[in-house]
Structures are given as C-alpha cells and as structure tokens.
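J.: generate a structure from the sequence data that follows.
(one chain, ligands or ions: 2)
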Amino acid sequence: MDGESRQPDRPAHPGIFPTGKRGESLHRPGQRSVDFPVSVVLPAGGTGERTGLQTPKQFCPVFGRPLISYTVQAFERVSWIKSIVVAVAKENMDLMKEIIQRFQHRKVRVVQGGSTRHRSICNGVLALGEQEEQEAAEGEPKVVIIHDAVRPFVEEDFLFKIAMAAKEQGAAGAIRPLVSTVIATTSEGFLDHSLERARYRASEMPQGFTYDVIRQAYQRCTESDFDFGTECLHLALQYCGTNAKLIEGPPTLWKVTYKRDLAAAESIIKESLCSSGCVITGGSAQAVTLADALQKSAGALDMELDVIPDLLGDHSRYLLKECNFIQVSVNPSGLLELESMLADVEATNRAPLHPLVIIWVCLSDPEELSVSGKTPEFAAIADAAAAAKLRNILLYGIQLYQSKDAERWERSVMRVTEITSALIRERSPALVGQLLQA
Ligand SMILES: Nc1ccn([C@@H]2O[C@H](COP(=O)(O)OP(=O)(O)OP(=O)(O)O)[C@@H](O)[C@H]2O)c(=O)n1
Ligand SMILES: O=P(O)(O)OC[C@@H](O)[C@@H](O)[C@@H](O)CO
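T.: Ligands and ions are numbered 1, 2, ... in the order given. Model (predicted):
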C-alpha cells in the first residue's frame, strides 16, 4: 500500500452489480484454477439495529427474496468454493434453513452465531474444522474466506485475488479509499487531531486466511477481542504475526448497514435484472422483423435483447439464466406457443430466485382478424398468468397490429419497446395477465 502518496484520494466510481447469472460460474475453465480447497464463513448473526427495522437486515426481502440469499448465490456459483458456512442467531436458524431449501442453495451449512461478530465468525471457523476432520481425506480447507452476509455484491474475480493472496501470505483483506477524513476527538468532544486521509484505508470484506492462521488467531485472542473487536486482520497480526496483504476492492463491496442501504441494494439488483432479455420469434418472418426492430429500439433504453427462434438445443441455456423473455406470436392462437414456453420454464425446475418476466407479444394482421374474427382469448391469457404467478412468473400480454405504413409501424414498435421495458423494470403483479395495446 502506498502510504506516501500525497494525492488526495478521489471517491471511486460507484461500480455495478456482478453480471454473472445463476448457474453460470464466472470462473471460465482454463482461464484460472484454484488448486486448493477454499471454504467460506458468512457471519449473519446480527440484529441490524442501525436499520431501525424489526427484521435483521440480512433477512430483509429484496424483490421477494432475503438479502442473504443474494450473498449466498454470489458464492455458491463460484466453482472453486467448496463449502459455505452461515452463522446465524439461534432464533433464526430454522429461517435460514428454509431459505436454503426454498432457493435451492448448495454447498451451504448453518451454524449458530454468537453474541458478537467475532464470536459468530469463530463458530463458523470451528464448524469448518469439524467438517474438515470428517473429510480429512480430502484435505483441510487451505483457505477460509470471511465475508459479511450483508455485502451481497461480491464478484468471483476479486474473491480469486483474496484467496490467492491469503494462501501466499496467510491473510488478505479488501480495502477501499476513505471518503471522509478520520479525526480524533478529545474527551470533551473537541477536535484533538485529524489523520492524513491518504495514509489510511477502510477495511472491508471479503477477507481471506489460511485455515491455520484464523483458527489459531481465535484460539489465542482474548475475551475483550471477542466482545469488542471488529477486525479479523488485526487478530491474525496480533496473535499469529501474520501481516495481511491488502488489496483494493471495487466499490461494490459496501456493507448494508442502514435502511437506505437496502433501497440502494434493491436499485442495483433491479438494474441487473432489467439489463437483458431474449426475444423468441418462433421463426416466422414477421416475428423476426418485429424482434429485430425491438432489439434496435431496446438498445436506446439500455436493454440488451438477443433474438432467438426457440428455446431448443443451445438456446435452452437462456432458461437457466435470470433472463426476461419476450415471446412473439404472429397469430391469435399463439397461446399454444406461450403454453409450450411456460412448460419449458417449468421443466427447468428453476429456483424462484427472481420473479421471471414473460411478455407475450401477439402480432396480428388486422385484415386477417376482420376475416377470421379471431381475437386473442383474453380470459385464456389471464388464466395462464394466474397459474404462472404461483410459480413466481409474471406473464404480461401486448397486442400489436401489423401495419404497412412505415411511420405507423415504427411508432408501434417504439410503444412495444417502452411498454416492455416498463414491465421488465417494474415487475408489477398488478398488470399480470393483462393484454396491453401497443
Ligand atoms: N453477533 C453478530 C453481529 C453481527 N454479525 C454479522 O456481521 C456482519 C456485519 O456486522 P454489522 O453490519 O454490524 O451487522 P449488525 O451487527 O447486525 O448491525 P447493527 O450493528 O446495526 O446491529 C453482518 O452480516 C452481521 O449479521 C454476526 O454474525 N454476529
Ligand atoms: O463494524 P460493523 O459491525 O458495522 O461492520 C463490520 C466491519 O467493520 C467489518 O466488516 C470490516 O471493517 C472488516 O473488518
């Protein structure tokens, strides 16, 4: 760390939410491998007093899902992380086990936390030791990553850096530039002196330790450390002589502490959920024309749309992502295509990590309609939507009439794009099953 820099630190860019999707490890085989076992301890035994809420912040819902589930997901999708231990208060252990089961989290165990954060972390580390004794054949976890359960925005790349540095050094920790200057006060509440901000950093999470170092640090530390300490890196230095490697992390490592942080977390997660989607055309020329137009106009709304003919073969991978779907049907009986797609989604047995948005765009030819008299079955769409909602799928309909008039067609396509973007962003249950007119 350059303690001599004289340039004032500038607050860093606010950063973005990890773009990896569930089930899709950001660890690209061949690019990077971790050849030693890594386990994780997530301290989640606090009460979140500073939020002023009854529910501890780690269990507060964000898009219908507890905050801690996002953090667990960030770790479980990292292929080289072997196991995760969550330390929660005794009264929340059943709740945590229910969350693991409901959101189909893997590699996760629950242990009882303690009266302070250090005690919770220590219980997690001890649990790893017990687990390691059972799996001695597989070797101990060489590295233990410790990460506050209320820091959901952690990326695999940075975890890799921390794990590798911890293995080399014995300890490693994330740091961030200070935004405010640190001052020391007199007992009467006056300024005693201020610290030179450029020489200091904020200690964040994740932190990494070799199992032996963190285990030994907790064996040797005092009751006062357990009751009043806030820094694991300090314990490693004080009780094991291990000087942690400090690595500057991205701005996304911030901790949810106050109520406003929950709103900020929801906004970041919403951004990530709304940034992409795929348009399924069924292969018809009119649907492809509409899809291409939608793709172009969605770009202007910061939404990236892929256009695919179906969800078969390689395209089925879209079903495993947190993806928004736009199914284009070119005739009123397109409901069959919609029902087939709902069945495909059902077959993936996906965990309801986020409400899944499906928008059915019914592209009709007004001349054909006037002859056949067929119109989309409004009741059928409402019924399909009601059933889908029980599976955390939000189904919306948009009716669009083909037009040979270029200007009119362009206006209609822009309206479909705007309606689609609004439905994906708002995910409002109130509009589920409606057939909106573009
Ligand atoms: N006895 C405790 C106290 C805290 N933590 C965890 O440590 C992390 C960071 O602590 P903090 O942000 O201070 O959480 P709380 O202690 O819950 O917050 P507050 O101080 O506002 O009550 C959180 O994931 C929290 O659940 C824990 O595992 N056991
Ligand atoms: O102090 P709090 O309990 O709010 O939060 C814990 C943080 O202090 C801690 O996660 C980092 O500073 C790294 O040790």
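
J.: so P66 sits against F59, correct?
T.: Yes - the pair P66 / F59 is scored as a contact, 4.8 Å apart, by C-beta atoms under 8 Å. Every residue, glycine included, has its C-beta placed from N, CA and C.

J.: between those two, what contacts are shared?
T.: Contact criterion C-beta atoms under 8 Å, 6 or more residues apart in numbering; residues bridging P66 and F59 by contacting each: I99.

J.: who has more neighbours out of these two?
T.: When P66 is set against F59 and neighbours are counted by other C-beta atoms under 10 Å, the residue ahead is P66, at 24 against 19.

J.: so who does that one touch?
T.: Residues near P66 by C-beta under 8 Å, 6+ apart: 58-60, 99.

J.: got a winner among those residues for most neighbours?
T.: Comparing the contacts of P66 on neighbour count, Q58 comes out first with 27 neighbours (neighbours: other C-beta under 10 Å).

J.: which phi and psi values does that residue adopt?
T.: The phi and psi values for Q58, taken as degrees, to the nearest 10, are phi -70, psi -20.

J.: pretty sure it is touching G48, no?
T.: Yes - contact criterion C-beta under 8 Å: Q58 and G48 qualify, at 7.0 Å.

J.: can you give me the helices for the stretch 251-400 of the chain?
T.: Assigned by DSSP state H, counting those that start in this stretch, the helices in the stretch 251-400 of the chain fall at 259-273, 285-299, 335-347, 366-372, 378-389.

J.: wait, which of those is closest to R201?
T.: Taking C-beta to C-beta, helix 259-273 is the member of the helices of the stretch 251-400 of the chain nearest to R201, at 20.3 Å.

J.: quick check: closest non-adjacent residue to A388.
T.: Spatially, and ignoring its direct neighbours in sequence, A388 is nearest to L395 (4.6 Å; C-beta to C-beta, 6 or more residues apart in numbering).

J.: what residues are up against the one you found?
T.: 338, 342, 358-360, 381, 384-385, 388-389, 432-433.

J.: what do you get for C60?
T.: Per C-beta under 8 Å, 6+ apart, neighbours of C60: 48, 51, 53, 66-67, 262.

J.: kindly report the same for L67.
T.: 57-61, 149-150, 152, 256, 262, 265.

J.: quick one, phi/psi of it?
T.: phi -50, psi -40.

J.: got a pLDDT number for it?
T.: On pLDDT, L67 comes in at 97.

J.: which parts of the stretch 101-250 of the chain sit against ligand 2?
T.: When proximity is defined as C-beta under 6 Å from any ligand atom, the stretch 101-250 of the chain approaches ligand 2 at 117, 148, 203-205, 230-232.

J.: among these, name the buried ones.
T.: Neighbour counting over these (16 or more other C-beta atoms under 10 Å) leaves 117, 148, 203-205, 232 as the buried ones.

J.: and the residues of the stretch 101-250 of the chain next to ligand 2, which two are furthest apart?
T.: Spanning the widest gap among these are R117 and E204, at 14.0 Å by C-beta to C-beta.

J.: any idea which helix or strand carries D225?
T.: Counting by DSSP states H and E, the element that carries D225 is helix 223-228.

J.: I'd like the average pLDDT over that helix.
T.: Taken as a whole, helix 223-228 has an average pLDDT of 98.

J.: could you list the buried residues of it?
T.: For helix 223-228, a neighbour-count test (16+ other C-beta under 10 Å) marks 225-226 as buried.

J.: which non-adjacent residue is nearest the most centrally placed residue in the chain?
T.: Residue closest to the average C-alpha location in the chain (C-alpha atoms, centre = their mean): Y70, at 4.6 Å. The shortest distance from Y70 to any non-neighbouring residue, by C-beta to C-beta, 6+ apart, is to P152 (3.9 Å).

J.: which ones are touching the residue of the stretch 301-438 of the chain found nearest ligand 2?
T.: Distance from ligand 2 to each residue of the stretch 301-438 of the chain (C-beta to the nearest ligand atom) is smallest for L353, at 25.3 Å. Contact analysis of L353 by C-beta under 8 Å, 6+ apart lists 22, 65, 69, 73, 103, 322.

J.: among those, which lie within helices?
T.: Under the assignment DSSP state H, these contribute 69, 73 to helices.

J.: including neighbour count and distance to ligand 1, could the contacts of L353 go into JSON lines?
T.: Shown next, in JSON lines, are those (neighbours: other C-beta atoms under 10 Å; distance: C-beta to the nearest ligand atom, whole Å):
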{"residue": "R22", "neighbour count": "16", "distance to ligand 1": "22"}
{"residue": "R65", "neighbour count": "20", "distance to ligand 1": "17"}
{"residue": "S69", "neighbour count": "23", "distance to ligand 1": "13"}
{"residue": "Q73", "neighbour count": "21", "distance to ligand 1": "16"}
{"residue": "F103", "neighbour count": "20", "distance to ligand 1": "18"}
{"residue": "E322", "neighbour count": "18", "distance to ligand 1": "24"}
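
J.: and the residue in the stretch 51-200 of the chain that ligand 2 sits nearest to, what does it touch?
T.: Per C-beta to the nearest ligand atom, D148 is where the stretch 51-200 of the chain lies closest to ligand 2, at 4.8 Å. Applying C-beta under 8 Å, 6+ apart, we find D148 in contact with 42-43, 205, 255.

J.: L400: neighbour count?
T.: Other residues near L400 come to 21 when the count uses other C-beta under 10 Å.

J.: equivalent analysis for S275, please.
T.: Using other C-beta under 10 Å, S275 has 15 neighbouring residues.

J.: find the closest residue to ligand 1 in the stretch 301-438 of the chain.
T.: Closest point on the stretch 301-438 of the chain to ligand 1, by C-beta to the nearest ligand atom, is L353, at 20.1 Å.

J.: surely G114 touches G45?
T.: Yes - using C-beta under 8 Å, G114 is in contact with G45, at 6.4 Å.
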